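Peer 1: Kindly return the folded structure for what I paste below:
(chains A, B, C and D)
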There are 4 protein chains.
Amino acid sequence: MKYLFTSDYCELAHPSVLEAFSAVGNTQFEGYGLDEFSMRAAELVRELTKAPSADVHFISGGTHANLVMISSMLRPHEAVIAPVTGHIFVHEAGAIEATGHKVCTMSGKNGKLNAAEVEAVVKAHCDEHMVKPKLVYISQSTECGTVYNKAELTELSDCCKRNGLYLYMDGARLGMALCSHVCDLTYSDIAGLVDAFYIGGTKNGALFGEAIVICNDALKDDFRFLIKQRGAMLAKGAAIGVQFEALFKDGLYDRLAEHAVSMGRKLAAGIRVEGYRLLHQADTNLVIPVLPTGLADQLREKYGFQDWEALGDQVAIRLVTSWATPERMVDEFLADFRRFGAKEAPERPTMDWGIRG
Amino acid sequence: MKYLFTSDYCELAHPSVLEAFSAVGNTQFEGYGLDEFSMRAAELVRELTKAPSADVHFISGGTHANLVMISSMLRPHEAVIAPVTGHIFVHEAGAIEATGHKVCTMSGKNGKLNAAEVEAVVKAHCDEHMVKPKLVYISQSTECGTVYNKAELTELSDCCKRNGLYLYMDGARLGMALCSHVCDLTYSDIAGLVDAFYIGGTKNGALFGEAIVICNDALKDDFRFLIKQRGAMLAKGAAIGVQFEALFKDGLYDRLAEHAVSMGRKLAAGIRVEGYRLLHQADTNLVIPVLPTGLADQLREKYGFQDWEALGDQVAIRLVTSWATPERMVDEFLADFRRFGAKEAPERPTMDWGIRG
Amino acid sequence: MKYLFTSDYCELAHPSVLEAFSAVGNTQFEGYGLDEFSMRAAELVRELTKAPSADVHFISGGTHANLVMISSMLRPHEAVIAPVTGHIFVHEAGAIEATGHKVCTMSGKNGKLNAAEVEAVVKAHCDEHMVKPKLVYISQSTECGTVYNKAELTELSDCCKRNGLYLYMDGARLGMALCSHVCDLTYSDIAGLVDAFYIGGTKNGALFGEAIVICNDALKDDFRFLIKQRGAMLAKGAAIGVQFEALFKDGLYDRLAEHAVSMGRKLAAGIRVEGYRLLHQADTNLVIPVLPTGLADQLREKYGFQDWEALGDQVAIRLVTSWATPERMVDEFLADFRRFGAKEAPERPTMDWGIRG
Amino acid sequence: MKYLFTSDYCELAHPSVLEAFSAVGNTQFEGYGLDEFSMRAAELVRELTKAPSADVHFISGGTHANLVMISSMLRPHEAVIAPVTGHIFVHEAGAIEATGHKVCTMSGKNGKLNAAEVEAVVKAHCDEHMVKPKLVYISQSTECGTVYNKAELTELSDCCKRNGLYLYMDGARLGMALCSHVCDLTYSDIAGLVDAFYIGGTKNGALFGEAIVICNDALKDDFRFLIKQRGAMLAKGAAIGVQFEALFKDGLYDRLAEHAVSMGRKLAAGIRVEGYRLLHQADTNLVIPVLPTGLADQLREKYGFQDWEALGDQVAIRLVTSWATPERMVDEFLADFRRFGAKEAPERPTMDWGIRG
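Peer 2: Modelled structure (predicted):
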């Protein structure tokens, strides 16, 4: 059996989450997310984000959260701006288009959009023969493992306000982003800078579930209709509420993210010290080293991971750590890496991406 | 705190389901439903339904299962035929229409469609100025608590084949239907008579989750694309697979349904013996008595339930039992019912719906 | 060759419309409806409706106008209320549902909705498990040939305002409605009572084309994006502008409607005098007599018309007159009717619908 | 009043088309495209394309034809491959996405896709987390004024067959493409190489209207439902049938296209002889010269045209000729061009695109 660095959804749930289920027993509750567990969890999210008037809704998964939220925000002719690496553009099987909306992309840098790119898209869409960009989609942390800092997010937020655009953040890995050493943002900063975002549970200790946070009052009306219509309203909404209460009531969520990121940093450092470059800066729990194909193939025998990009006789692979990754497996991987690498890569390629700080 | 007969989703999950989660521990698994738990659970479903070539997919909830399956089966101009009480017509916030398809209704009788009604809809849609009915949607057991028997389902199935229609069964409460005393159908019969159906977990012991079973080969292609596109592909698909394995590996699913139905029958019998009529025959765990408003209001102080229909100075209320309903609560309810009823309904209305067998 | 009373779209276009095309010659114009002909035609519509701030857009056909306008007015979970005879519910192949919206129906009376029915729909849709009715769709004149008068339309309009609903009028036959002897409404009254409507050209002298009039400022933004997105923006928008200018510049539109209605009334009177009843009051150019099947079949040999509804051994047929119907064809039809009818219907059925005034 | 080289839809209709309308008089016809004019026009199209079993449908405009046809061919998760310059990607306001489908683009060269690009898109879409490319969209002639020849189209067609893709051709300017000196394709070749295409009337003499030709039997079923549902079925379908009969019965369509192309070539030659380059080879009636901004501005005072692309202190402008462009206006434009150009561009830039043959 291979050890999987494939993603951060390869283990079921943190024991505290499962214990919280058991503690409920046969206590009865209201259906459809109107239960006391969900209410308390929503309140915890409002406290965490210091956004007392935010609306909080719990949804099963990230793609679902994205499509419900985005389709709720747009009129039929309005479109999304996203970086070309954005999850909604590539890896959601056309979910946004299936709700009727085009996703306009810019190439971005290291998975991040900037204000100049957003304005270029807005400027290029000049009349009614084209869609009207209305919402900017970003991921924090990004699909490349990078992170927006406060200056970057503020610049994007200002740009959106100037151009009448909503700013929406996919926070599938928000916990990891916020505990990254390169990130100077808080949950509260984010609630102040975006119109809506979600805090991911699936990739950080929950069995499943994401918490949508709607900050902009104009986007709150009738949102539960949209949740229901898109099939996202669980009869036992409490099943998510219970989990988020467990994750947020005493900081478990952040502790789990910190572990994942610290394992990621150790992995990145161990790879770089052997002289291999990373495709993107490893800010969080995603590490994307560029390796000789032969070395990657040797690692593949023992470990699970995704191929990210073929680069001639090299290949970028994606290694992901999680709240559940044992440090000894990182150590074992690095020992194997050194052993295999020594034979495969006598000449060291130039480093060009590192870990800051 | 009131005791809830509101629905069969008011308790979290059967202890065996939660134990199954704990037993997984930190065992790693493949994402997106390609894990071994889901594989084994799918195999158990194929055994149960004696449909070795059926495709089985696990989805979070019933509305979601309906919209993914139905939108996968239809071209844009094709429509669904459903009884007017069908969940998709009334209680899914326009989910089917949001995927572009009209739902054509017939009034049905006791929540059930028959072949004559289906053919009337087909005949009425005679040209390209109207939608083209292509799929018949039924629920088993129905939203009224009634059940299709083998003769009825066979007649519908034959009618659909004759008219080039797919037959799809919403099995949110399929377990309860099949253990009803009025039902002579097996899982295997159903797999042979419909094109696709789902077996509901949410209302019968699972934390959440439904098992879609696709029997017709023509409907299998690319179904996982549809699951993904509609936001229904959980990263940790294993979270549902684990549950269905626990429910199906030794008959737990049927035992839970039997309990729910037996509690429902006890409730129905206790109400009828006091001389009140039921709006529909109580074949399963839904009991819909017609009560004087005053009596309903007294019960409402102590018990949770839904108002079903106002009928002058009477009201039909919906009482639902579940796998978790303690018999003593049924006894307590009936004791209260007799006590309140004695004062409220000195003249006994005529019975017209009973419990057969 | 049969003479067709099938519909009011069986002749190509009034000569004045074709002359207007010829008069344009090779004069060049701006594309996409921004030409001077469309501008002038829009101004004529604003004058006619005494709605100087209304937005006017020209669209090829009625189904298209309905789907563009309605999908522009609604968020995904919002629904339309229509009478069961409404064109969008029955005869547009699910066009509204294809844009994602449910059409909720009430039976109506003679093709007309009233405020009580609208409020019943609103009241029945009480929570987020159901769609949210947001728009009332009516046709003027109706698909049954009847007409809303000022009191009826005012009552509906007030009801919509009270309930936060938009009121939209399908005016495919608006000209005929307004020149009906039972109608006390003007174009200006309508512009004041509805949020948007269209004035039909196709059925009243134009080659094709309808004029959408948006009265409610909240519905004006970005409407041209919607027109384009739904494929409704003709490159040569001038082709419709030229026609509406010809129809409206000197009252031709109303004169054509008056002819159609006067032919309809003559037909209705001639049928009733022979003792046959009309299914609905013949307010305009649609006449729906109930005839013995044998009589209908004899007429069918020589005339084209639609069967409306089978009624045992009788059948309701729909006869439609148009701007182009020669009076001599009405006379000829009535002569045949008397001749055939004499043999077929010796016992005269009771009249119950007549022509007022 | 400026003379417009803005597009080929700036004049209303060829006199023969208008005469054909007049010739109809008040002759009655069947509605919804089932009339004898449309039948005869469809037969003429089948003869022209030597495709006796093709289905032919008439639609008002190009964007509409594209969205009806494309949405009819695809299941919800299936996507379109188009060049980045494709009309559906940029200039149809998200019409394809509004029907639920993603458009995947490749940059193309001079507005044309090739097989290698198509296969790269197919290869990149490897699993159910992404859309499934199913249809290749191309324009003939392209939005850049270039043309696919037989070898290129055959290569694309073979590639599509190999990869299970439909090939669909937007023929808004098909007439111009086929009479181009660089094109060795016939209507019949095209019918044999693509699954469906449309022949544009709007830009080649018609008042409005396009003829969809479905060659692949698998795509024919129920197409009229789709036409109706998308609002594309004119009540007076005859209004288009009459025009196409006039255009095709004696070769008028090709004569008009030849005139447009010959005017385009004269314009291109006159510009190139002055030493200015064309952005793309001028194969048809679109000429896109790269001019100094000052020269473009002088021309703009007297002529209408579109700015195509800003290129530093130069600008590419799009000049379009049509069936109605008088040769004297081309001469006048070229005289002005020489006059203004002499002052503005003393140093001649290098030519790199020319007119072959």
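Peer 1: Show me the strands in the stretch 1-150 of chain A, by range?
Peer 2: Counting by DSSP state E, counting those that start in this stretch, one finds strands in the stretch 1-150 of chain A at the ranges A:3-4, A:55-59, A:78-83, A:103-106, A:132-139.
Peer 1: Relative to chain D, which of the ones you listed is closest?
Peer 2: Among the strands of the stretch 1-150 of chain A, the nearest to chain D by CB to the nearest CB is strand A:78-83 (6.2 Å). For the C-beta atoms, the positions are set from N, CA and C on the backbone; glycine is no exception.
Peer 1: before we move on, back to that, tabulate the strands of the stretch 1-150 of chain A (a markdown table), appending mean neighbour count, distance to residue D:162 and mean pLDDT.
Peer 2: Listed next are these as a markdown table, based on neighbours: other CB atoms under 10 Å in any protein chain shown; distance: least, CB to CB, whole Å; pLDDT from 0 to 100:
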| stretch | mean neighbour count | distance to residue D:162 | mean pLDDT |
| --- | --- | --- | --- |
| strand A:3-4 | 18 | 36 | 98 |
| strand A:55-59 | 25 | 41 | 98 |
| strand A:78-83 | 25 | 32 | 98 |
| strand A:103-106 | 21 | 28 | 96 |
| strand A:132-139 | 24 | 35 | 98 |
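Peer 1: Can you tell me which residues in chain A are near chain D?
Peer 2: Counting by CB under 8 Å from any CB of the partner chain, the residues of chain A close to chain D are A:76-77, A:79, A:90-94, A:97-103, A:128-131.
Peer 1: Considering only these, which also neighbour chain B?
Peer 2: A:92-94, A:98.
Peer 1: on that earlier part again, any of the residues of chain A next to chain D buried? List them.
Peer 2: Taking 16 or more other CB atoms under 10 Å in any protein chain shown as the criterion, what is buried in the residues of chain A next to chain D is A:76-77, A:79, A:90-94, A:97-103, A:128-131.
Peer 1: just checking, which of these belong to helices?
Peer 2: A:90, A:97-98 (DSSP state H).
Peer 1: just those residues now: which is nearest residue A:205?
Peer 2: residue A:90 (25.8 Å; CB to CB).
Peer 1: The closest one: what's its closest spatial neighbour, skipping adjacent residues?
Peer 2: Nearest non-adjacent residue to residue A:90, counting by CB to CB, 6 or more residues apart in numbering or on different chains: residue D:130, 6.5 Å away.
Peer 1: That neighbour and residue D:48, how far apart?
Peer 2: Noted for residue D:130: a distance of 39 Å to residue D:48, by CB to CB, to the nearest Å.
Peer 1: Residue A:111 too?
Peer 2: 52 Å.
Peer 1: can you give me the strands for the stretch 201-350 of chain A?
Peer 2: A:210-214, A:286-287, A:290-292, A:303-304, A:306-311, A:314-320.
Peer 1: Nearest to residue D:282 among these would be which one?
Peer 2: Among the strands of the stretch 201-350 of chain A, the nearest to residue D:282 by CB to CB is strand A:306-311 (39.4 Å).
Peer 1: any idea what sits nearest residue A:49, other than its immediate chain neighbours?
Peer 2: That would be residue A:191: by CB to CB, 6+ apart, it lies 4.1 Å from residue A:49.
Peer 1: Please confirm that the one you found is located within a helix.
Peer 2: Yes - according to DSSP: H, G, I helix; E, B strand; the rest coil, residue A:191 belongs to a helix.
Peer 1: OK, contacts around it?
Peer 2: By CB atoms under 8 Å, 6 or more residues apart in numbering or on different chains, the contact set of residue A:191 is A:49-51, A:54, A:197, A:213, A:215.
Peer 1: Buried by neighbour count, from those residues: which ones?
Peer 2: A:49, A:51, A:54, A:197, A:213, A:215.
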